[in-house]
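>>> just a sequence and a predicted model for now, questions to come.
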Amino acid sequence: MKLAALQATFHRVLRGDDAVEAGAAALGCDPRRLAIYRDFVRGHVQTALDKNFVVTRELLAPVWPALSDAYFRDVPPGHWELNAAAESFPAWLETQVGRHEGLLPFHVDLASFEWEEFAAYAHPAEMPAHPTAPAPNPTAAVLQLAHPVAGFVKAWNAGRREPPPAPLATPQLTFLFRHPRTGRVMYQVATDDLLFALKVAAEGLDPVAAAASIGQPAEAALRAMAFAADVGLIVVAPG
């Protein structure tokens, strides 16, 4: 068997398009050994999904096995890093709305949020060791979500099980990032203060002068900078 045909046969067996016995016969190998490999790859993807989408999985428990199977068939893993197998799940999940009972656009937003939590945790960027001026947190990502996911997740983590919220009148911006001092993954809904502090840090502005230019008092600018530094959205010198 030529390499291309061998790879195609493996692919069909791993996806479940061909039975293990048929694939083993074509490859000339022991079906039990091929089944072990198939189960290993399938389990790898299932583990990545279960670990990275904990809340989404619980909310969609009745259809989660079907979703996991369909995702595995549609989006085969293509990266050596185990968690990378789950990266495409939020975008794929969006294509499944209307195909699975109980799957809502809210769940797509929630899955996007949960993936960005992992992405912030695993972000390779290092924090500035000795910042001489406020700087944006290099692990920060911003999501524009149609539903109030941050509030839902906060309630969930506090033990409150609330129904999926309705869409917002205006999409909500949410920052997710790794805290520069504690290393914990944080999330904050964007506010005027946080947006102001991030702009000041990103553009190297003087906060007092920037506040004056928009008719705000110096005290408000300094409070905004202190709050952004405390939550970890910007990185400042210690002390």
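Perfect, I can see it now.

>>> for the rest of this, base every contact and every neighbour count on C-alpha atoms.
Fine.

>>> number of nearby residues for Thr170?
10 (other CA atoms under 10 Å).

>>> do Phe53 as well
21.

>>> torsion angles phi and psi at it?
Torsion angles at Phe53 (phi, psi; degrees, to the nearest 10) stand at phi -130, psi 60.

>>> same thing with Phe177?
Per degrees, to the nearest 10, the backbone of Phe177 is at phi -160, psi 160.

>>> give the contact list for it.
For Phe177, the contacting residues are Glu117, Ala120, Tyr121, Asn137, Thr139, Ala140, Ala141, Val185, Met186, Tyr187, Gly232, Leu233, by CA atoms under 8 Å, 6 or more residues apart in numbering.

>>> show me what it is bridged to.
Beta-bridge partners for Phe177, by DSSP bridges, are Met186.

>>> number of residues surrounding the closest residue to Gly102 other than its chain neighbours?
Among residues not flanking Gly102 along the chain, Leu60 sits closest, at 7.3 Å (CA to CA, 6 or more residues apart in numbering). The tally of other residues near Leu60 (other CA under 10 Å) stands at 17.

>>> and Leu60, what's its pLDDT?
For Leu60, the pLDDT comes out at 98.

>>> Gln7 now?
77.

>>> find the centremost residue of the chain, please.
Geometric centre of the chain, nearest residue: Trp115, 1.4 Å, by CA atoms, centre = their mean.

>>> residues contacting it?
Contact partners of Trp115, counting by CA under 8 Å, 6+ apart, are Asn52, Phe53, Glu87, Pro90.

>>> worst mean pLDDT across the helices and strands of this structure, which element?
helix 3-15 (a mean of 78; mean pLDDT, DSSP states H and E).

>>> touching the longest helix anywhere in the chain from outside, list them.
Selection of the longest helix in the chain by residue count, based on DSSP state H, yields helix 31-52. Helix 31-52 is contacted from outside by 13-14, 20-21, 23-25, 57, 68, 72, 77, 82-86, 89, 114-115, 118, using CA under 8 Å, 6+ apart.
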